[in-house]
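Asks: Quick one, what's the 3D model for this:
(one chain, ligands or ions: 1)
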Amino acid sequence: MSESPAPETAEFHHAHIRTFKPRRGRVTQKQNAALTNLSGPIITVSDQLLDFQTTWPGLDDVVIEIGFGTGTATVAMAMADRTTGLLAIDVHTPGVGELLHRIDEEDLTQVRVIEGDAVVVLKQMIPTESLAGVRLYFPDPWPKARHHKRRIVQPEYATLLATLVRPGGFWHLATDIADYAEQMIEVLDASLEWVGGVIDRPTYRPVTKYESIALEAGRSITDLLYTRV
Ligand SMILES: C[S@@+](CC[C@H](N)C(=O)[O-])C[C@H]1O[C@@H](n2cnc3c(N)ncnc32)[C@H](O)[C@@H]1O
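Replies: Sure, this is the predicted structure:
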């Protein structure tokens, strides 16, 4: 009998602090149809390492996107570069349906999708130094100070990601929350495995759904780019 809970169990999911806010969201008919009929790109959460060669045959670079939301950036960036494998992870079912629909529409054969907790995926499924990079666009802000521990950019996860991203690989982050940008800089600058800092918004990153709401509310956006030493 295994000592730790199985990854698909609720017990396992609560073994670490949750970084996402559970939210209800109506799954539209279109999304539901995609979830049922277009599930080919879905990879289920497991405790087995993903075999990158069989998942992305012939592709040298695989990037993960943590918290893709509705998949705006995922789709636009996958359309612009079909030779980079992409693993898009989110817990939000309507967004998963939306992304599956768009993957089918645009024939994005290099994109795989996981509906689940990215922390679990990172800990269980990603081989050491296998990733070309990580995209983290507008992670849940957790504005209250007592919730800051739920923010995904923490020393622990910066170290975990450093073990999974190969040397020379990147971590691109964006946020609309000023004190979260500061936290990102503090965590990453304190880490010996990452070098980088604030950059101008790169043209290759499209405006995401969440970002457009932030812009409408008058918040300014910070992009950060770090390289794995
Ligand atoms: C504020 S939204 C931003 C979504 C999208 N990147 C955008 O810019 O429109 C943050 C997203 O991250 C997801 N998320 C947060 N923590 C996560 C985790 N540990 N695993 C998977 N998804 C997570 C949430 O479900 C949510 O969809």
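Asks: Can you tell me the SS state at the residue nearest to Val134 when sequence neighbours are not counted?
Replies: Nearest residue to Val134, sequence neighbours excluded (CB to CB, 6 or more residues apart in numbering): Trp171, at 4.6 Å. The way it works is simple: take the backbone N, C-alpha and C, and place the C-beta from them, glycine included. Following DSSP: H, G, I helix; E, B strand; the rest coil, we place Trp171 in the strand state.
Asks: need the contact list for Trp171.
Replies: Counting by CB atoms under 8 Å, 6 or more residues apart in numbering, Trp171 makes contact with 133-134, 136, 161, 165, 188, 194, 196, 225-228.
Asks: just the buried members of those residues?
Replies: Buried subset of those (neighbour count, 16 or more other CB atoms under 10 Å): 133-134, 136, 161, 165, 188, 194, 196, 225-226, 228.
Asks: Which ones among those lie within helices?
Replies: 161, 188 (DSSP state H).
Asks: Of the buried ones among the contacts of Trp171, which belong to strands?
Replies: Per DSSP state E, strands hold the following members of the buried ones among the contacts of Trp171: 133-134, 136, 165, 194, 196, 225-226, 228.
Asks: Closest one to the ligand out of these, please.
Replies: Proximity of those to the ligand (CB to the nearest ligand atom) peaks at Leu136, which lies at 8.1 Å.
Asks: Hmm, Ile66 and that closest one touching each other?
Replies: Yes: using CB atoms under 8 Å, Leu136 is in contact with Ile66, at 5.0 Å.
Asks: What is the end-to-end distance of stretch 108-117?
Replies: 23 Å (CA to CA, to the nearest Å).
Asks: Also stretch 104-118?
Replies: End-to-end span of stretch 104-118 (CA to CA): 23 Å.
Asks: Show me what the residue nearest to Val134 is bridged to.
Replies: For Trp171, the beta-bridge partners are Val134, Tyr226 (DSSP bridges).
Asks: Can you give me the distance of it to the ligand?
Replies: The spacing between Trp171 and the ligand, counted by CB to the nearest ligand atom, to the nearest Å, is 15 Å.
Asks: what's the answer for Val45, then?
Replies: From Val45 to the ligand the distance is 10 Å (CB to the nearest ligand atom).
Asks: Now do the phi/psi pair for that residue.
Replies: Main-chain torsions, Val45, degrees, to the nearest 10: phi -70, psi 130.
Asks: Same question for the one 3 residues further on.
Replies: Torsion angles at Gln48 (phi, psi; degrees, to the nearest 10) stand at phi -100, psi 140.
Asks: Thought Ile126 was touching it, still the case?
Replies: No: the pair Gln48 / Ile126 is not scored as a contact, 11.1 Å apart, by CB under 8 Å.
Asks: Quick check on those two: which one has the bigger neighbour count.
Replies: Applying other CB atoms under 10 Å to Gln48 and Ile126 shows that Ile126 carries more neighbours, namely 22 against 9.
Asks: can you pull the contacts of the more buried one?
Replies: Per CB under 8 Å, 6+ apart, neighbours of Ile126: 49-50, 64, 164.
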